[in-house]
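> Return a 3D structure for these sequence lines:
(chains A and B)
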Amino acid sequence: MRINRPKLVWIGIFLLLFIAGLTAGYFYFMARQKGPVYELVRNKEEIQQDPDLSTIRVYYPLKDRLVMEERRVRRQPSTAAMAGSVIEEFLKGPSIEQDSLVPEGVRLLSTFVGKDGILYVDLSDEMRRNFQGDAYAELLLLKGLYESVISNIAGIEDIKVLIEGKEIESLGGHISILYPLKNTVTFITNRE
Amino acid sequence: MTKKVFIVLLVLIFSGFYFMAEAQNVEVNVRFSEGPDGRRIVFESSDESFIKNTSASILKDSILVKFPSAPVLRYRSDMNLDLSVQGSIVSIRVKEPFKMKTLFLSGPPRFSIDILKTSQTEPGLPNIIKESNMTTPSSIRIIIDPGHGGYDPGIIDGDLREKDLTLTIAKEMESMLLKKNRPVFLTRRTDQFLSITDRSILANQKTPGIFISIHLSLSAGVVINIPYVEASAIEPTEGIFDMMHRQRRYVEKSKALAEAIGEAIKEDLKKEVVYREIPISLLSSIGAPAVMVEFAGNLVDDKEKRLRLSRAILKGIEDANQ
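So this is what the prediction gives:
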């Protein structure tokens, strides 16, 4: 069976229009589906291909959500040291400085992993002293720290935050950090 | 001929759009918890408009949850719930007599359904009403907790310090309540530091009827934080950790209190109110309905504004107890 040329043109036009409808639908609905919690912002700096460098994902608390950025850090020989590198990146804050909830001037004093798989993170007092935020901001700060470590480093069960080597009750007076963070911060995404 | 072609073109474009709409299924996570007063089912999605357009109704012995489109449900297979899905409608079968209460929450967007047992209560009366009949509302002691204090200033915005504002508001609320001869207690009356544990011990010692913690918020408008107590975390524990779960018996009443305060604020101040259910340790440790009210600094930067806000909060408390 032969199809004449005008018919083929019409079929072509119909197909194009159908695809246009599909494309419009794709962009409209996929844009709606974007969640408010995570947003990927790629580091604008050109990433050098260096075998000693590892790409990590850091979750920064920004206004009322966590924003994920990819960073390159030098590989470390131990879990605690690698966790330290991730936390150092977290403490530097996001590339978008405005609305960042990471307190300024915080230093990582040490990290070590206990026999129970809990990572102890010892931070300087600026973490408590320079924190400015409400209850949700405090929760996002802790969640960002937790997610940044857990999503990059295998073998860590939970994270316990210490300030100047001591246990403290809370960073900002809302959320308790007397216990390791997992139960407190994973309730938002604890779905399984 | 041209008209026919035009119609065909329109049909093709719309059908392409429709197929995409059908193909796009929103993922919804289902969480389930069970307590002495009933059960709670929470539908959570990252798509806020999807959750806001969800509704629930009762049909015989089932709850029908209607979503804007067919959702992709994710839930634990061991969840003790008789649930079936047909297109955009999820049906939940409830064997015993029940009452239903729904609530929308943000951060993340959630649609919460409380299935309350009615066999233990008078027919047609929610638990909170039965409870308030047993206690004279005017005899309920209201504990007001001004946030921060001492070396913990809270949020600093220019000359404003959260610890000063919360104390001023708490004292203004106290004087309003005292004029009505209502029992009231402030966890702090001066610029002093109190730990979360100190506040909890002080509040629980005073046999609280209602607990309100006052704070500032980074958000515009008003945020009301409701204590989050995970049902699966309710296990016999000891010491301070057990204390942190005193709230578990009062979570429903805390939600009702939050709703009443939120409605009063919306009505009187015409301000947006956001509800957040998050694990705030102080609220979790209180053996009474408890909420944390946070408001933007510009809502309380002069006395008239503060008094309006205080009146609205107290009206909400009264409404919750009627």
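
> for the closest residue to B:Gly262 other than its chain neighbours, which residues make a bridge with it?
For B:Gly262, the nearest residue in space outside its immediate sequence neighbours is B:Val273; the separation is 4.1 Å by C-beta to C-beta, 6 or more residues apart in numbering or on different chains. Yep, even glycine has a C-beta here, placed from its N, CA and C like the rest. On the basis of DSSP bridges, B:Val273 takes part in beta bridges with B:Val222.

> could you show me where the helices are in chain B, in order?
Listed in chain order, the helices found in chain B under DSSP state H are B:2-23, B:48-52, B:127-134, B:162-179, B:196-205, B:239-243, B:251-269, B:281-284, B:303-320.

> and the ones you listed as CSV, adding mean neighbour count?
Below are the helices of chain B laid out as CSV (neighbours: other C-beta atoms under 10 Å in any protein chain shown):
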stretch, mean neighbour count
helix B:2-23, 13
helix B:48-52, 17
helix B:127-134, 15
helix B:162-179, 19
helix B:196-205, 18
helix B:239-243, 13
helix B:251-269, 21
helix B:281-284, 27
helix B:303-320, 18
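
> can you redo these as JSON lines with distance to A:Thr186 and mean pLDDT?
JSON lines is the format used below for the helices of chain B (distance: least, C-beta to C-beta, whole Å; pLDDT from 0 to 100):
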{"stretch": "helix B:2-23", "distance to A:Thr186": "31", "mean pLDDT": "68"}
{"stretch": "helix B:48-52", "distance to A:Thr186": "21", "mean pLDDT": "83"}
{"stretch": "helix B:127-134", "distance to A:Thr186": "30", "mean pLDDT": "36"}
{"stretch": "helix B:162-179", "distance to A:Thr186": "28", "mean pLDDT": "95"}
{"stretch": "helix B:196-205", "distance to A:Thr186": "21", "mean pLDDT": "92"}
{"stretch": "helix B:239-243", "distance to A:Thr186": "17", "mean pLDDT": "48"}
{"stretch": "helix B:251-269", "distance to A:Thr186": "19", "mean pLDDT": "93"}
{"stretch": "helix B:281-284", "distance to A:Thr186": "16", "mean pLDDT": "92"}
{"stretch": "helix B:303-320", "distance to A:Thr186": "31", "mean pLDDT": "93"}
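
> What is the neighbour count of the closest residue to B:Tyr250 other than its chain neighbours?
What sits nearest to B:Tyr250 in space, not counting adjacent residues and going by C-beta to C-beta, 6+ apart, is B:Pro289, at 5.2 Å. When neighbours are defined as other C-beta atoms under 10 Å in any protein chain shown, B:Pro289 has 30 of them.

> Over to B:Lys180?
B:Lys180: 10 surrounding residues under other C-beta under 10 Å.

> and it, what pLDDT?
pLDDT for B:Lys180: 91.

> and what of A:Glu70?
In the prediction, the pLDDT value recorded for A:Glu70 is 94.

> Which strand or helix spans it?
In this assignment (DSSP states H and E), A:Glu70 forms part of strand A:65-74.

> residues of the following helix or strand past that strand that come out buried?
Later in the chain than strand A:65-74, the nearest helix or strand by DSSP H and E is helix A:79-92. Neighbour counts using 16 or more other C-beta atoms under 10 Å in any protein chain shown place A:79-80, A:82-87, A:89-91 of helix A:79-92 among the buried residues.

> what residues does helix A:79-92 touch?
By C-beta atoms under 8 Å, 6 or more residues apart in numbering or on different chains, the surrounding residues in contact with helix A:79-92 are A:56, A:58-60, A:71, A:73-76, A:102, A:106-108, A:110-113, A:119, A:121, A:123, A:144-145, A:148-149, A:152-153, A:155-156.

> near chain B, from those?
If you filter these for contact with chain B, counting by C-beta under 8 Å from any C-beta of the partner chain, you are left with nothing.

> Kindly write the ChimeraX command that selects the buried subset of the residues you listed.
Per 16+ other C-beta under 10 Å, the buried members of the contacts of helix A:79-92 correspond to this ChimeraX selection:
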select /A:56,58,59,60,71,73,102,106,108,111,113,119,121,123,144,145,148,149,152,153,156
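
> Narrow the contacts of helix A:79-92 to those in helices?
Taking DSSP H, the ones among these that sit in helices are A:144-145, A:148-149.

> Closest to chain B out of the residues you listed?
Using C-beta to the nearest C-beta, the shortest approach to chain B within the ones in helices among the contacts of helix A:79-92 belongs to A:Gly144, at 14.7 Å.

> Just the buried positions in stretch B:77-87, please.
By 16+ other C-beta under 10 Å, the buried positions in stretch B:77-87 come out as B:81, B:83.

> which residue is nearest the middle of chain A?
In chain A, the C-alpha closest to the average C-alpha coordinate belongs to A:Tyr59, at a distance of 1.9 Å (C-alpha atoms, centre = their mean).

> does that residue have beta-bridge partners, and which?
In this structure, A:Tyr59 has the following beta-bridge partners (DSSP bridges): A:Met68.

> my guess is it contacts A:Lys143, does it?
Yes. A:Tyr59 sits in contact with A:Lys143 when judged by C-beta atoms under 8 Å, with a separation of 7.4 Å.

> Overlap of the contact sets of these two?
With contacts defined as C-beta under 8 Å, 6+ apart, the residues shared by A:Tyr59 and A:Lys143 are A:Leu66.

> what separates A:Ser151 from A:Val86, distance-wise?
For A:Ser151, the distance to A:Val86 equals 9 Å [C-beta to C-beta, to the nearest Å].

> what sits against the residue nearest to B:Tyr250?
Counting by C-beta under 8 Å, 6+ apart, the residues that B:Pro289 touches are B:209-211, B:250, B:253-254, B:256-257, B:320.

> Please repeat the previous calculation with a cut-off of 10 Å.
Neighbour list for B:Pro289: B:128, B:131, B:140, B:208-212, B:226-227, B:247, B:250-258, B:260, B:283, B:317, B:320-321 [criterion: C-beta atoms under 10 Å, 6 or more residues apart in numbering or on different chains].

> now swap in A:Tyr146 and tell me
A:Tyr146 neighbours (C-beta under 10 Å, 6+ apart): A:59, A:119, A:121, A:156, A:158-159, A:161, A:180-182, A:184-186.

> And it, how far from chain B?
13 Å (C-beta to the nearest C-beta, to the nearest Å).

> In terms of pLDDT, where does that residue sit?
A:Tyr146 carries a pLDDT value of 97.

> do the one 5 residues further on as well
According to the model's per-residue confidence, A:Ser151 sits at a pLDDT of 94.

> list the contacts for it?
For A:Ser151, the set of contacting residues under the criterion of C-beta under 10 Å, 6+ apart consists of A:56-59, A:68, A:86.

> The residue nearest to the centre of chain A touches A:Arg71, doesn't it?
No. Checked against C-beta atoms under 10 Å, the pair A:Tyr59 and A:Arg71 is beyond contact range at 11.2 Å.

> count of residues packed around B:Leu186?
Every residue meeting other C-beta under 10 Å relative to B:Leu186 is counted, giving 18.

> So A:Leu139: helix, strand or coil?
Here A:Leu139 is helix, with the state taken from DSSP: H, G, I helix; E, B strand; the rest coil.

> residues near it, how many?
Residues lying near A:Leu139 (other C-beta under 10 Å) number 25.

> circling back: quick check: phi and psi on the residue nearest to B:Tyr250?
B:Pro289 has phi and psi values of phi -60, psi 130 when expressed as degrees, to the nearest 10.
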